[in-house]
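**Q** How does the following fold in three dimensions:
(chains A, B, C and D, ligands or ions: 4)
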Amino acid sequence: MNALDEKLNRFTKYKISEQTLRKFIDYLKQQAPVFAPHHNGEASYSYECVENSAEVVLSYPRTMQPLKKYFLPPREVLLNFNIKDNTFSKPEIIEETRIFFAVHSYEMASLKRLDYSFTQGHVESNYVSRRKYAIFVGISYTPDESHFSKSVGIDVEETEGFDLFLLPVGDGYFLLEITDTGKRLVEGFPGLAAPDTTEIKTEPLQFKSKIKYHHNRLPAVFDHVYKSKVWDKYAEICVGCGTCNLLCSTCYCFDIRDEVDLDAEHGTRTRYWDGCMLNTFAEVAGGENFRGSLARRTRHRLYRKFKYITAKSEMLHCVGCGRCSHFCPVGISMTDIVNDLITDYEEKQNKEKI
Amino acid sequence: MENLAQHAEDLYCPEIATITRVETLTASEKRFEITMPGNRPLNHKPGQFVEVSIFGFGEAPISICSSPTRGPSFDLTVRATGRLTDKMHLLEAGSQIGIRGPFGNGFDPQDFKGRDMLFICGGIGLAPLKSLIDYTLDRRNDFGRIIILYGTKNPAEILFPEEIEKWQQQTDIEFVMTVDQADEQWQGHVGVITTLIPPLELDVKNTIATVVGPPVMYKFVLMSLKGKRIPDENIYLSLERRMKCGVGKCGHCQINDTYVCQDGPVYHYPHVKQLEEAV
Amino acid sequence: MSKPRVAFFDFTSCEGCQLNKLNLENDLLSLLELVDIVEFREAMDDKAENYDVAFIEGSISTPSCVKRIYDIRRRAGVLVSLGSCAVLGGVNAMKNLHPADWVQEAVYGDDKYLFPSIPVQPVSAYVKVDYEIRGCPMSTPEFLHVLKSIVLGRKPEIFDHAVCVECKLHENECVLDKGMFCLGPVSRAGCEAICPENGQYCTGCRGLISNANVGGAIHMLKRHGFSEQEAKKKLQMYSSLNKLINEAECRHA
Amino acid sequence: MRKDLNIDVHHLTRVEGHGNIVVNMKNGVLEKAELDIVEAPRFFEAMLKGRNFMEVAIITSRICGICSLGHQIASLKATENALGLEVSEQTKILRRILTDGATFQSNTLHALFLAAPDFLSVGSVFPLVNTHKDVVLAALRLKRLANDIGDLISGRAIHPIRCVPGGFTKLPGAGDLRTLQEKLKTEGMNDLRFIVDVIASLADKIPSFTRETEYISLTSPEEYAFYDGVICSSDGGTYPVEDYLKVTNEFVVSHSSSKHARFNRSSYMVGALARYNNNHRQLHPFGREVEQKLGLTAPCYNPYMNTVAQLVEVAHCIENSIQLMDRLLTNGIKFEKPNQTPSRYGQGIAATEVPRGILFHDYTYNRQGNIVAANCIIPTGQNLENIDDDMKKLVPEIIEESKEEITHKLEMLVRAYDPCISCSVHMLDVEFIEE
Ligand SMILES: Cc1cc2nc3c(=O)[nH]c(=O)nc-3n(C[C@H](O)[C@H](O)[C@H](O)COP(=O)(O)OP(=O)(O)OC[C@H]3O[C@@H](n4cnc5c(N)ncnc54)[C@H](O)[C@@H]3O)c2cc1C
Ligand code: SF4
Ligand code: SF4
Ligand code: SF4
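**A** Ligands and ions are numbered 1, 2, ... in the order given. Next up, the predicted model:
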């Protein structure tokens, strides 16, 4: 038995049919609001609050916005203010239990990164309040042409952070109890038979997208490619739309703007997702732009994923969800850039040896 | 999460403070004296900044230009360049503004005890450095020589004329000023600030150089300091970047792996020397 | 503060932007509390001598337009151009892509001399423009934002990032996923990505973001099977006066 | 008796686009009574040349913001005819609702915001905010409701987004549609009734001028025609839409950057009054109710009554859209991929009734699906000769009144036609030489 299977087999588990699983969602809905993947248009998926358990999509490549939208909303009112009498109030954030259902492992891993970003240095109450009572039910998935989470060290069946985890078997699922919270939820649900004792045997999943090096070696690569030509190569076709930033599950940069109501008295201070690929991101008074070129912006983006925060947090800040690659309108793939950088690095190393 | 939640802060809520004095310095710069609620001291370090906010006009990081040795009120020097700063220039004494902070890494003046202090300020860069200059003047005996080099584009842009007059008269301060472009009345130095550095006679090992100015200035000043053989460990810079939150979240002020609002604005030069995007 | 005196003027355009203001039904009364409307030919008879704020719709395309815009600039405090026609030349400017004579003759035949027409230009080609509100039609939230900002005495915040940003904030299904092409990645936001939100591609009605990678944009369209010439035509629909597009070359196949 | 009169209204207000009224009488002879169209020509043909069929409706809707939906529908129908693209029943119903919404919104705007100030002797709707607040609020609500139809079904009331060749890119949700329908039934009908009562009390402000002319509109045995039908003349006869050139006979006049038109007589009228005269028997009950309250009877030869006919149509369109929404909701709204695979290439002609009258689009496509020829005839252009003829009859009849009064009545007359001047100068009439 491989190490992964060994780990999975330690959890108590239940065999559950898809039909029962949807009943389980209904049961969860009675406990707390449930959020799960849904169809969004013809070819897209998004997390939505579950109204009808039949509409939950269990098998999907990835949602468009990552789960971060529930903890760092795309637009969030930070303050309501009154200009005339200089007063303000902070909108109340209800600290409630929310259940996130059918979440992939890289997504869970990304929350761990966000947790770091919002709690190191100053601990942000907005984020923490939303995050505090969240419960997660994971599910495994079949990698598509953009996923590469294995290359950054995250297995499809990685259960860390989840309270429950779903593994497809035959025409149903294994429901794994990961934490006590998960156990309590399962115990309250009357639709399950006794724990199942058959052994889990996972099939190694094939990722079509891969990084050439083991992830442990990536920080070393990034020590040497700051001046690489690879940046220019991608800058030529990158159009600076910022899609890769906005949809990245670990990107969290934001902008803050004041907007006033038509009475010219009340207003809101709101934050919005922002991204370092956008031209204006590092522009200051007088029009000076500290990262005007797309090459420098692309480099900054990748260094933020693979080096800068990594050095401090000891976690790669790319989780291999493949959103940046899949949604890039010009088809720039994260693994292509990294692999090109590795090639460049190897060439440099070889030259140095000679 | 639960244990971290205990330390959670409402990071974006300002305190409503009062402008207690306004002084026009130049056509585009004014100095504001700010008093916190209950006249409490801000407890800042020289070189730190606050996020000033006016509802409807946004927020902007502004350096504290007075020394913590004077207080409890503190001073801000603001150049009108945009939404918030233009509006601030319209405010009179008695008006209220929001303050968050103090934020960022400031100077630790105790570390400079007994050293000669060389201040190199370009344009509005004098404002942040003034907090440290005032500190050293208030604890004059703790420091060796005090040399202030100050350059502006033209005589009309000179900040703090009153203080400058005093500094010029004080014998324990070496104050030299230059302008890029003179007018009819100007009788002093003409030329960029780097022209003031070579003539200086310094005990380089014992001199702490602090540099603040517009982005273009740093590269040339650092070259001149190198020419003087001032060791890198003796050099401090204060850097400016676009900044939104002031608390290390929004990402705007990042220079390579460092956040100006957390690790800066005051940097020990050896720390940023390797950073391509810094100067 | 006394209420700012606001005037609206229209030049060569479809007047959709004007109408869009009249479509502010829910906000119209609050708006009238905020400002005095002193001239608005499409909706009222009054004319004024001067105005604190002049909103200009439409592009400049006849000699008499030129005279009129100079006159308005003299009388106006703040001048805001509004809508793609005024800011970019808009669809009108596509006529510049053809020889002037051909264009005139095509419509009026032998009578073409009766109706003089000069190359279409945006307002900024003739007078100083303080702020620009883009869009075809202009978006009303943005218009209100600019108006409120002027009333407050602050600079409006006018976005200079791609439509994709707003599209992503809305979590719209990306039309690229449906096999369509889209100009959202290089076009300026401010419209709340209303076209992709409605299942349609972005036609670039707000023009390009600044510092745009036009060669990259052409390459992007080539990936969707367009020739270089067709790709430029797509980008030119609203931005036919943009030199970067007209002169762009894409080195990628 | 007055022998000389000189009127020059520069840039007539409260109409869409730029026009001047010029009247010139010397020694008792009326030398000139005309509407000069000084709007800058925009040359849409140059914009359309070589454009792909997917883009054509996007561009032509920019001919006019006020009639953008009408242009888009006529354009899409012409394109679909040319390329043999069939559309579904659902698409047709949705487009009909949109046409109703557009007529509802445009007629409301004109009658209540642009023309009504004349009846109350003020220069714009803004002073009425203080004197007639409840009426203005009701009128604003009505206009918003009309725009809600456009917003919900086409994504945006001005320059609609979702309407594309072969169908729609996105459909309204059943819940939203039901809410809107309910609003039309209650708020919409109530507000209109309230306003109609107010207008009825002002009926004596409408000048009593008549001139019988030829009235041209679409007609259809199935309904009060807006979306589809054949050309109908009040002088007798119906003509297939393909024969539109025989009806319109456009010609250039020196005082107008827009072309004029004539058919059986020296001029003809299109628009609400023409539709009403030709099709009034097919009005829905709510339309009938308003017709009676406002004292409109067919045939009506008073062009000033065009504004009243517009209000009758508002009532009709509200009721019609409620019925169509019922049909949609009963059938269930299903997403259908727009049919965009041409089955042929060539010429396609289409007509729809837009608020100001009958509109024709005529395109020819090459095998790449790009435009090689385009023609587009706009209602206001068709009305211009009729307006001039009206003025020529009206001026001698009111010549003894004060100059201000004459000017006012002439302005009201032109405004009654709800002219859409930007539209009228953006005609397309050209054969492109294929490269
Ligand atoms: C650590 C720090 C200390 C500073 N101290 C002072 C000071 O003591 N006195 C002073 O007058 N100014 C100081 N600044 C600069 C000041 O923050 C900006 O001028 C201010 O943010 C402009 O805000 P605004 O709303 O008036 O202008 P906006 O209307 O927001 O912008 C005007 C222009 O400034 C750019 N901009 C936005 N944010 C910044 C920023 N943080 N820095 C520079 N440009 C920016 C915008 O891109 C735009 O081009 C400091 C900046 C930093 C980072
Ligand atoms: S998504 Fe692609 S095109 Fe857009 S900014 Fe990122 S890399 Fe560039
Ligand atoms: S960098 Fe790309 S693959 Fe990595 S976490 Fe962000 S979006 Fe996902
Ligand atoms: S639909 Fe267009 S604007 Fe929206 S994300 Fe996709 S490419 Fe960008």
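**Q** For the stretch 101-250 of chain D, which residues are neighbours of chain C?
**A** By Cβ under 8 Å from any Cβ of the partner chain, the residues of the stretch 101-250 of chain D that approach chain C are D:109, D:113-114, D:117, D:123-126, D:129, D:137, D:140-141, D:143-144, D:147, D:154-159, D:161-162, D:164, D:168-170. C-betas here are computed from N, CA, C, even on glycine.
**Q** Restricted to strands, list these.
**A** Counting by DSSP state E, the part of those found in strands is D:164, D:168.
**Q** for the chain, what's the longest helix?
**A** Just going to use chain A. helix A:334-353 (DSSP state H).
**Q** hm, I was asking about chain D
**A** helix D:306-331.
**Q** strands paired with the very next helix or strand once past that helix, and their directions?
**A** Tracing the chain C-terminally past helix D:306-331 and defining elements by DSSP states H and E, one meets strand D:347-354 next. When pairing is defined by DSSP bridges, strand D:347-354 lines up against strand D:357-365 (antiparallel).
**Q** tell me the mean pLDDT over the partner strand?
**A** In this model, strand D:357-365 has an average pLDDT of 93.
**Q** Pull out the buried members of the residues of the stretch 101-250 of chain D next to chain C.
**A** Among those, the ones that count as buried by 16 or more other Cβ atoms under 10 Å in any protein chain shown are D:109, D:113-114, D:117, D:124-126, D:129, D:140-141, D:143-144, D:147, D:154-159, D:161-162, D:164, D:168-170.
**Q** Looking at these, which are in helices?
**A** D:117, D:129, D:140, D:141, D:143, D:144, D:147, D:154.
**Q** residue in chain C nearest to ligand 1?
**A** residue C:155 (5.6 Å; Cβ to the nearest ligand atom).
**Q** Would you mind measuring from the closest residue to residue D:230 other than its chain neighbours to ligand 1?
**A** In this structure, residue D:230 finds its nearest non-sequential neighbour in residue D:238, 4.7 Å apart by Cβ to Cβ, 6 or more residues apart in numbering or on different chains. Distance check for residue D:238 against ligand 1: by Cβ to the nearest ligand atom, to the nearest Å, it reads 64 Å.
**Q** Can you report how many residues neighbour residue 70?
**A** Assuming you mean chain A. 17 (other Cβ atoms under 10 Å in any protein chain shown).
**Q** should've been chain D
**A** 30.
**Q** what does chain B have sitting close to chain C?
**A** B:56, B:57, B:82, B:83, B:86, B:87, B:90.
**Q** switch to 7 Å and redo it
**A** B:56, B:57, B:82, B:83, B:87 (Cβ under 7 Å from any Cβ of the partner chain).
**Q** how about the residues you listed, which pair is most distant?
**A** Pairwise distances across the residues of chain B next to chain C (Cβ to Cβ) peak at 13.7 Å, for the pair B:56 and B:82.
**Q** Out of those two, name the residue with the larger neighbour count.
**A** More crowded of residue B:56 and residue B:82, by other Cβ under 10 Å: residue B:56, with 27 against 14.
**Q** per-residue pLDDT, the closest residue to the residue of chain C closest to ligand 1 other than its chain neighbours?
**A** In space, residue C:155 comes closest to residue B:83 once its chain neighbours are excluded; the distance is 5.4 Å by Cβ to Cβ, 6+ apart. pLDDT for residue B:83: 92.
**Q** Test my guess that residue B:83 contacts residue C:154.
**A** Yes - with contact defined as Cβ atoms under 7 Å, residue B:83 counts as touching residue C:154 (4.8 Å).
**Q** Report the set of residues contacting both of those two.
**A** Common neighbours of residue B:83 and residue C:154, counting by Cβ atoms under 7 Å, 6 or more residues apart in numbering or on different chains, are residue B:57.
**Q** Where does pLDDT dip in the chain?
**A** If you meant another chain, say so; for now it's chain A. Applying pLDDT under 70 to chain A flags residues A:1, A:285-286, A:354.
**Q** my bad, the chain I had in mind was chain B
**A** Looking at chain B by pLDDT under 70, you get B:1-2.
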